[in-house]
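1. Predicted model, plus sequence, below.
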Amino acid sequence: MSEAVTIWHNPACGTSRNTLAMIRAAGFEPTVVDYLKTPPSRDALSRAIADAGLTPRQAAREKGTPFDDLGLAEAGDDRILDAMVEHPILINRPFVFTSRGVRLCRPSEVVLEILPAPLPDDFTKEDGEVVKAGGPA
């Protein structure tokens, strides 16, 4: 399909891998951006977070990151956003972009809200959970 789909992906993350596989199972070959190697600009990150209906705090990943070491628990959104740009591991993943919107796909099946076409078949996630074909698309 020619519809543009982009994913900010971390190949070490199961949720990100499941989301990418679900996009492909729906018939799309997305642009895959390894955001740890190619981090978004502050403006792109800020726009993605806002377009997904989130705040920087809601889009920040705490587990396995320097979130606490950087003292971000009490920080404001601007400071959290700056820290995410400086330390991309703080960006929760995966973010997916389509003509139907932007979502932080946690859990991975959130991607079905914005895919331009539904899953044609049931999809089995890495952990064995089955996502039924069809869906909101």
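-> In hand now; what should we look at? For clarity, every value in this text was computed on a predicted model and none was experimentally measured. Numbering: from 1, shown residues only.
2. Do a quick rundown of the strands in this protein.
-> Assigned by DSSP state E, the strands in the chain fall at 6-9, 31-34, 95-98, 101-104, 123-124, 130-131.
3. closest one to Phe67 among those?
-> Distance to Phe67, taken as Cβ to Cβ, is lowest for strand 101-104 among the strands of the chain, at 16.0 Å. In this view, the C-beta of every residue, glycine as well, is placed from N, C-alpha and C.
4. In that closest one, which residues are buried?
-> Within strand 101-104, the residues scored as buried using 16 or more other Cβ atoms under 10 Å are Val102, Arg103, Leu104.
5. which one of those is nearest Glu62?
-> Leu104 (14.0 Å).
6. For the closest one, give the beta-bridge partners.
-> Phe95 (DSSP bridges).
7. Look up how far Ala59 lies from it.
-> Look at Leu104 and Ala59: by Cβ to Cβ, to the nearest Å, they are 6 Å apart.
8. And Ile114, by the same measure?
-> In terms of Cβ to Cβ, Ile114 sits 16 Å off from Ala59.
9. Counting neighbours, go ahead and name the busier of those two.
-> Ala59 (23 against 19; other Cβ atoms under 10 Å).
10. how much space between that one and Trp8?
-> 11 Å.
11. shared neighbours of those two, anything?
-> Ile91 (Cβ atoms under 8 Å, 6 or more residues apart in numbering).
12. Which helix in the chain has the most residues?
-> helix 14-25 (DSSP state H).
13. mean confidence score for that helix?
-> Mean pLDDT, computed over helix 14-25, is 96.
14. Give me the contacts around that helix.
-> In contact with helix 14-25 (Cβ under 8 Å, 6+ apart) are residues 5, 7, 9-11, 30, 32, 93-94, 96, 105-109, 111-112, 115, 119-121, 123, 125-127, 131.
15. in it, what counts as buried?
-> Within helix 14-25, the residues that count as buried by 16+ other Cβ under 10 Å are Thr15, Ser16, Arg17, Asn18, Thr19, Leu20, Met22, Ile23, Ala25.
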